[in-house]
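**Student:** next comes the sequence, and after it the predicted model I'd like to discuss.
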Amino acid sequence: MIDPMEFTLDVRLIRDILSRDYARAANELRTLGVFAALANSRQVHEQRIADAPDVSSLACKSGCAWCCYFTVDVRPVEVFAILDFVEQSFATEEKSRVYAQVHANSVVFENLGADERGSRNVKCPFLSDGRCGIYVVRPHSCRNYHATNAAGCQQSYEQPDDLEIDPEFAPGVYQAGAAHVEAFTTAMQEAGYDVDAYELNQALAATLAQPSARERFQLKLKPFAVLEGEPVIAEFDDLGPHAK
């Protein structure tokens, strides 16, 4: 396996992505709004990963769903975009199934810390017949989770209490995707939006119970009355557009 601390960072690549994608996101947040900026970010993210030199080494493919049982952290803007997609694209019966699973999962995660959540296997409410039902609007954390050998993902699924298991990954894909997410997150944070990480099911359940969460988010307030997010540490902060 490759430890993320054991490979050499492509500093030029990271700086280029941080600079370009930060500037683009900051401009789009001002001119297009937060949801359009997120939609464009998803496209840029996909292209960054597709352009990575080691993208062909990925084992991820349709029908491989081990990671769809792992805990997923999301930003509030992603939660609202996902719910918009569900309301527009899912049939009534499927929406009812998904929302019931969301509430059941949120109960499982209630009062659990990040480490405890990481050791619990819970089926994603959007997983159906081995496929992601919200693939086009899946969160950044899902887009940026890759492996070069699915056996490591399977091992993590089968041994959820062993948090030391680290599936093999592609350094180029990892750096390109992570740099884009950091650039977009920095632009959102500087625009005043909440960019804390929330557990997916709990954030979805909180929004369904309190529709005013979206309005609060757009007013640049903390959106969830009953949830506290976790600040995300910038991994490439010393390489970003504001680095000294």
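**Tutor:** Alright, I've got the coordinates.
**Student:** going forward, measure contacts and count neighbours with C-alpha atoms only.
**Tutor:** Fine.
**Student:** Pro139 - how many residues pack around it?
**Tutor:** One way to gauge burial is a neighbour count; for Pro139, by other Cα atoms under 10 Å, it gives 21.
**Student:** distance check, it against Arg20.
**Tutor:** Taking Cα to Cα, to the nearest Å as the criterion, Pro139 is separated from Arg20 by 21 Å.
**Student:** also Ala65?
**Tutor:** Taking Cα to Cα as the measure, Ala65 falls 33 Å from Arg20.
**Student:** of those two, which one has the most company?
**Tutor:** Legend: neighbour count by other Cα under 10 Å for Ala65 and Arg20, higher for Ala65 (22 against 14).
**Student:** need the residue closest to the centroid of the chain.
**Tutor:** Ser141 (2.4 Å; Cα atoms, centre = their mean).
**Student:** other SSEs contacting the helix or strand encompassing that residue?
**Tutor:** Per DSSP states H and E, Ser141 falls inside helix 140-143. Taking 3 or more Cα pairs under 8 Å, 6 or more residues apart in numbering; DSSP states H and E as the contact definition, the neighbouring helices and strands of helix 140-143 are helix 34-51, strand 73-74.
**Student:** a markdown table for the ones you listed, including mean neighbour count?
**Tutor:** As requested, the helices and strands packed on helix 140-143 are arranged in a markdown table below (neighbours: other Cα atoms under 10 Å):
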| stretch | mean neighbour count |
| --- | --- |
| helix 34-51 | 17 |
| strand 73-74 | 22 |
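**Student:** can you map out the helices along the protein?
**Tutor:** Per DSSP state H, the chain carries helices over the ranges 11-31, 34-51, 76-89, 92-109, 114-118, 140-143, 150-158, 171-190, 200-209, 212-218.
**Student:** buried deepest among those, which one?
**Tutor:** Between those, helix 171-190 has the highest mean count of neighbours, a mean of 23, where neighbours are mean count of other Cα atoms under 10 Å.
**Student:** now do that one and helix 34-51, the angle between them.
**Tutor:** An angle of 160 degrees separates the directions of helix 171-190 and helix 34-51 when computed by axes from the mean of the first three to the mean of the last three Cα atoms, to 10 degrees.
**Student:** hang on, the earlier thing: now mean pLDDT too, for the helices and strands packed on helix 140-143, in JSON lines please.
**Tutor:** Output for the helices and strands packed on helix 140-143, formatted as JSON lines (pLDDT from 0 to 100):
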{"stretch": "helix 34-51", "mean pLDDT": "97"}
{"stretch": "strand 73-74", "mean pLDDT": "94"}
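**Student:** got any ranges where this protein has weak pLDDT?
**Tutor:** Across the chain, residues meeting the criterion (pLDDT under 70) sit at 1-6, 242-244.
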